[in-house]
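> here's my sequence, what's the structure:
(chains A and B)
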Amino acid sequence: EAEVAQSPRYKITEKSQAVAFWCDPISGHATLYWYRQILGQGPELLVQFQDESVVDDSQLPKDRFSAERLKGVDSTLKIQPAELGDSAMYLCASSFGTYNEQFFGPGTRLTVL
Amino acid sequence: SQQGEEDPQALSIQEGENATMNCSYKTSINNLQWYRQNSGRGLVHLILIRSNEREKHSGRLRVTLDTSKKSSSLLITASRAADTASYFCATVHSGYALNFGKGTSLLVTP
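This next block holds a predicted model:
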(Lines give C-alpha, C1' and ligand atoms only; values in the text may rest on other atoms or scores of the structure.)
Protein backbone atom coordinates (compact mmCIF):
# COMPACT_ATOMS: atom_id res chain seq x y z
CA GLU A 1 0.00 0.00 0.00
CA ALA A 2 1.35 3.43 -0.95
CA GLU A 3 2.48 5.62 1.94
CA VAL A 4 3.75 9.11 2.55
CA ALA A 5 7.43 8.99 3.47
CA GLN A 6 9.11 11.44 5.80
CA SER A 7 12.65 11.78 7.05
CA PRO A 8 14.19 12.04 9.48
CA ARG A 9 11.80 10.54 12.04
CA TYR A 10 13.54 12.32 14.90
CA LYS A 11 15.73 15.40 14.98
CA ILE A 12 17.46 17.04 17.91
CA THR A 13 19.13 20.37 17.30
CA GLU A 14 20.34 23.39 19.20
CA LYS A 15 18.64 26.72 18.87
CA SER A 16 19.95 28.95 16.09
CA GLN A 17 20.86 25.89 13.99
CA ALA A 18 19.25 25.07 10.66
CA VAL A 19 17.08 21.98 10.19
CA ALA A 20 15.42 20.44 7.16
CA PHE A 21 12.66 17.88 6.77
CA TRP A 22 11.85 15.87 3.68
CA CYS A 23 8.55 14.46 2.45
CA ASP A 24 7.71 12.15 -0.44
CA PRO A 25 3.95 12.05 -1.08
CA ILE A 26 1.92 9.23 -2.54
CA SER A 27 2.48 9.02 -6.28
CA GLY A 28 -0.13 10.96 -8.22
CA HIS A 29 -1.16 13.20 -5.33
CA ALA A 30 -1.05 16.79 -6.56
CA THR A 31 -1.73 18.37 -3.18
CA LEU A 32 0.86 18.32 -0.42
CA TYR A 33 0.61 19.78 3.07
CA TRP A 34 2.99 20.50 5.93
CA TYR A 35 1.45 20.64 9.40
CA ARG A 36 2.93 21.38 12.82
CA GLN A 37 1.49 19.61 15.82
CA ILE A 38 2.27 20.68 19.36
CA LEU A 39 1.80 18.03 22.02
CA GLY A 40 -1.81 17.80 23.11
CA GLN A 41 -3.18 19.80 20.20
CA GLY A 42 -4.38 19.16 16.69
CA PRO A 43 -2.22 19.73 13.62
CA GLU A 44 -2.00 23.27 12.28
CA LEU A 45 -1.35 23.92 8.62
CA LEU A 46 1.95 25.57 7.76
CA VAL A 47 1.88 25.38 3.97
CA GLN A 48 -0.18 23.80 1.20
CA PHE A 49 1.10 23.04 -2.31
CA GLN A 50 -0.83 22.30 -5.46
CA ASP A 51 1.76 20.67 -7.70
CA GLU A 52 4.78 22.99 -7.34
CA SER A 53 2.78 26.11 -6.42
CA VAL A 54 2.09 27.38 -2.92
CA VAL A 55 -1.67 27.64 -2.35
CA ASP A 56 -1.63 28.73 1.28
CA ASP A 57 1.30 29.71 3.49
CA SER A 58 -0.51 32.25 5.63
CA GLN A 59 0.49 30.45 8.87
CA LEU A 60 4.10 29.86 7.88
CA PRO A 61 6.55 32.01 9.91
CA LYS A 62 8.34 33.23 6.82
CA ASP A 63 11.15 34.94 8.67
CA ARG A 64 12.54 31.52 9.61
CA PHE A 65 10.57 28.84 7.75
CA SER A 66 10.72 28.01 4.06
CA ALA A 67 9.18 25.25 1.99
CA GLU A 68 9.60 24.12 -1.56
CA ARG A 69 8.29 21.49 -3.93
CA LEU A 70 10.39 22.18 -6.97
CA LYS A 71 9.24 19.43 -9.34
CA GLY A 72 5.79 19.05 -7.87
CA VAL A 73 6.67 15.75 -6.25
CA ASP A 74 8.71 15.63 -3.03
CA SER A 75 9.03 18.58 -0.70
CA THR A 76 11.42 20.08 1.82
CA LEU A 77 10.58 22.19 4.87
CA LYS A 78 13.42 24.20 6.39
CA ILE A 79 13.78 26.13 9.62
CA GLN A 80 16.62 28.60 10.01
CA PRO A 81 17.37 29.49 12.72
CA ALA A 82 15.52 27.05 14.96
CA GLU A 83 14.01 28.39 18.18
CA LEU A 84 12.99 26.58 21.37
CA GLY A 85 9.32 27.10 20.51
CA ASP A 86 9.73 25.14 17.28
CA SER A 87 9.87 21.85 19.18
CA ALA A 88 6.92 19.89 17.81
CA MET A 89 5.88 17.11 15.46
CA TYR A 90 6.05 18.10 11.79
CA LEU A 91 3.60 16.16 9.67
CA CYS A 92 3.44 15.88 5.91
CA ALA A 93 0.25 14.81 4.14
CA SER A 94 -0.88 14.41 0.55
CA SER A 95 -4.18 14.04 -1.28
CA PHE A 96 -5.64 13.99 -4.78
CA GLY A 97 -7.23 17.35 -4.09
CA THR A 98 -8.14 19.70 -1.28
CA TYR A 99 -11.60 18.18 -0.82
CA ASN A 100 -10.33 14.63 -0.52
CA GLU A 101 -9.07 12.58 2.39
CA GLN A 102 -5.48 13.21 3.34
CA PHE A 103 -2.82 10.59 3.84
CA PHE A 104 -0.29 11.41 6.53
CA GLY A 105 3.30 10.39 6.93
CA PRO A 106 4.73 9.23 10.27
CA GLY A 107 6.01 12.71 11.10
CA THR A 108 9.32 14.19 12.23
CA ARG A 109 9.66 14.84 15.94
CA LEU A 110 11.82 17.96 16.37
CA THR A 111 13.42 18.86 19.68
CA VAL A 112 15.22 22.18 19.93
CA LEU A 113 17.61 22.50 22.89
CA SER B 1 -6.47 28.72 13.26
CA GLN B 2 -8.31 25.69 14.63
CA GLN B 3 -11.97 25.53 13.81
CA GLY B 4 -13.20 22.15 15.00
CA GLU B 5 -13.65 21.64 18.71
CA GLU B 6 -14.04 18.11 20.03
CA ASP B 7 -15.91 17.16 23.15
CA PRO B 8 -15.09 15.57 25.51
CA GLN B 9 -11.34 16.21 25.69
CA ALA B 10 -10.84 12.80 27.26
CA LEU B 11 -12.98 9.67 27.43
CA SER B 12 -12.37 6.42 29.31
CA ILE B 13 -14.51 3.34 28.69
CA GLN B 14 -14.31 -0.43 28.95
CA GLU B 15 -14.01 -2.84 26.07
CA GLY B 16 -17.35 -3.60 24.50
CA GLU B 17 -18.87 -0.23 25.35
CA ASN B 18 -19.71 2.43 22.79
CA ALA B 19 -17.72 5.65 22.56
CA THR B 20 -19.25 8.90 21.35
CA MET B 21 -17.28 12.01 20.48
CA ASN B 22 -18.66 15.32 19.36
CA CYS B 23 -17.29 18.05 17.16
CA SER B 24 -18.47 21.61 16.68
CA TYR B 25 -17.27 24.06 14.06
CA LYS B 26 -17.84 27.69 13.20
CA THR B 27 -18.11 28.32 9.46
CA SER B 28 -19.83 26.61 6.54
CA ILE B 29 -18.00 23.57 5.24
CA ASN B 30 -17.60 21.44 2.16
CA ASN B 31 -16.98 18.30 4.18
CA LEU B 32 -15.95 17.10 7.62
CA GLN B 33 -13.45 14.35 8.26
CA TRP B 34 -12.49 12.27 11.27
CA TYR B 35 -8.94 11.05 11.89
CA ARG B 36 -7.32 8.80 14.46
CA GLN B 37 -3.82 9.26 15.86
CA ASN B 38 -2.02 6.69 17.93
CA SER B 39 0.51 8.09 20.37
CA GLY B 40 3.46 9.70 18.59
CA ARG B 41 2.35 8.56 15.16
CA GLY B 42 0.83 10.11 12.05
CA LEU B 43 -2.89 10.54 11.52
CA VAL B 44 -5.08 7.94 9.85
CA HIS B 45 -8.20 8.94 7.94
CA LEU B 46 -11.36 7.28 9.26
CA ILE B 47 -14.33 8.74 7.43
CA LEU B 48 -15.41 11.74 5.33
CA ILE B 49 -18.92 13.14 5.36
CA ARG B 50 -20.02 15.79 2.88
CA SER B 51 -22.12 18.80 3.81
CA ASN B 52 -25.17 17.35 2.00
CA GLU B 53 -24.95 14.07 3.91
CA ARG B 54 -26.44 13.47 7.35
CA GLU B 55 -25.09 10.08 8.34
CA LYS B 56 -22.37 7.71 7.25
CA HIS B 57 -21.19 4.29 8.37
CA SER B 58 -17.90 2.47 8.07
CA GLY B 59 -17.54 -0.80 9.94
CA ARG B 60 -17.96 -0.02 13.64
CA LEU B 61 -17.95 3.73 12.98
CA ARG B 62 -21.00 5.91 12.59
CA VAL B 63 -20.73 9.61 11.83
CA THR B 64 -23.53 12.14 11.83
CA LEU B 65 -23.50 15.69 10.58
CA ASP B 66 -25.92 18.48 11.48
CA THR B 67 -25.04 21.53 9.41
CA SER B 68 -27.76 23.62 11.02
CA LYS B 69 -26.06 23.16 14.40
CA LYS B 70 -22.57 23.05 12.89
CA SER B 71 -21.83 19.83 14.70
CA SER B 72 -20.84 16.24 14.07
CA SER B 73 -20.55 13.12 16.15
CA LEU B 74 -18.44 9.99 15.87
CA LEU B 75 -19.75 6.78 17.41
CA ILE B 76 -17.48 3.78 17.82
CA THR B 77 -19.49 0.69 18.68
CA ALA B 78 -18.21 -2.30 20.65
CA SER B 79 -14.90 -0.59 21.49
CA ARG B 80 -11.66 -2.55 21.64
CA ALA B 81 -8.39 -1.82 23.42
CA ALA B 82 -6.88 -1.16 19.99
CA ASP B 83 -9.25 1.81 19.60
CA THR B 84 -7.24 3.67 22.25
CA ALA B 85 -6.02 6.79 20.45
CA SER B 86 -6.72 10.47 19.91
CA TYR B 87 -9.55 11.31 17.56
CA PHE B 88 -9.70 14.54 15.60
CA CYS B 89 -12.39 16.12 13.51
CA ALA B 90 -11.31 18.36 10.67
CA THR B 91 -13.30 20.59 8.36
CA VAL B 92 -12.72 21.60 4.76
CA HIS B 93 -14.12 24.83 3.39
CA SER B 94 -13.49 26.99 0.34
CA GLY B 95 -10.96 24.54 -1.03
CA TYR B 96 -8.48 25.07 1.75
CA ALA B 97 -6.75 22.55 3.92
CA LEU B 98 -8.15 20.79 6.94
CA ASN B 99 -8.84 22.74 10.10
CA PHE B 100 -8.31 20.40 13.02
CA GLY B 101 -9.68 20.56 16.53
CA LYS B 102 -7.67 19.67 19.63
CA GLY B 103 -8.93 16.11 19.67
CA THR B 104 -10.57 13.65 22.03
CA SER B 105 -8.28 11.25 23.84
CA LEU B 106 -9.97 7.84 24.07
CA LEU B 107 -8.82 5.15 26.48
CA VAL B 108 -10.37 1.70 26.18
CA THR B 109 -9.51 -0.63 29.04
CA PRO B 110 -9.83 -4.42 28.91
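> which parts of chain A sit against chain B?
A:4, A:33, A:40-45, A:48, A:55-56, A:89, A:91, A:93, A:98-107, A:109 (Cβ under 8 Å from any Cβ of the partner chain). In this view, the C-beta of every residue, glycine as well, is placed from N, C-alpha and C.
> what subset of these is buried?
A:4, A:33, A:42-45, A:48, A:55-56, A:89, A:91, A:93, A:98-107, A:109 (16 or more other Cβ atoms under 10 Å in any protein chain shown).
> can you give me phi and psi for the residue of chain B found nearest chain A?
Closest residue of chain B to chain A, Cβ to the nearest Cβ: B:Phe100 (3.3 Å). With angles defined as degrees, to the nearest 10, B:Phe100 shows backbone torsions of phi -90, psi 150.
> list the contacts of it.
Neighbouring residues of B:Phe100 by Cβ atoms under 8 Å, 6 or more residues apart in numbering or on different chains: A:42-44, B:2, B:4, B:35, B:88-90.
> which of the residues you listed sits closest to A:Ile26?
Taking Cβ to Cβ as the measure, A:Ile26 lies nearest B:Tyr35 of the contacts of B:Phe100, at 16.2 Å.
> tell me which element the closest one falls in.
Using DSSP states H and E, B:Tyr35 sits in strand B:31-37.
> what does A:Leu77 give?
Here A:Leu77 is assigned to strand A:75-79, by DSSP H and E.
> which neighbours does that strand have in its sheet, and in what orientation?
strand A:19-24 (antiparallel), strand A:65-68 (antiparallel) (DSSP bridges).
> just the mean pLDDT for the shortest one, thanks.
With pLDDT averaged residue by residue, strand A:65-68 scores 97.
> do the same with the first one
Averaged over strand A:19-24, pLDDT sits at 98.
> per-residue pLDDT, the residue in chain A that chain B sits nearest to?
Using Cβ to the nearest Cβ, the point where chain A gets nearest to chain B is A:Gly42, with a distance of 3.3 Å. With respect to pLDDT, A:Gly42 scores 91.
> distance of B:Ser73 from A:Gly85?
From B:Ser73 across to A:Gly85, the span is 34 Å (Cβ to Cβ, to the nearest Å).
> which residues of chain A fall in strands?
A:5-7, A:10-13, A:19-24, A:31-37, A:44-50, A:53-56, A:65-68, A:75-79, A:88-95, A:103-104, A:108-112 (DSSP state E).
> quick one: contacts for the residue lying closest to A:Lys71 once chain neighbours are set aside?
Closest residue to A:Lys71 apart from its sequence neighbours, by Cβ to Cβ, 6 or more residues apart in numbering or on different chains: A:Glu52 at 6.6 Å. For A:Glu52, the contacting residues are A:69-72, by Cβ under 8 Å, 6+ apart.
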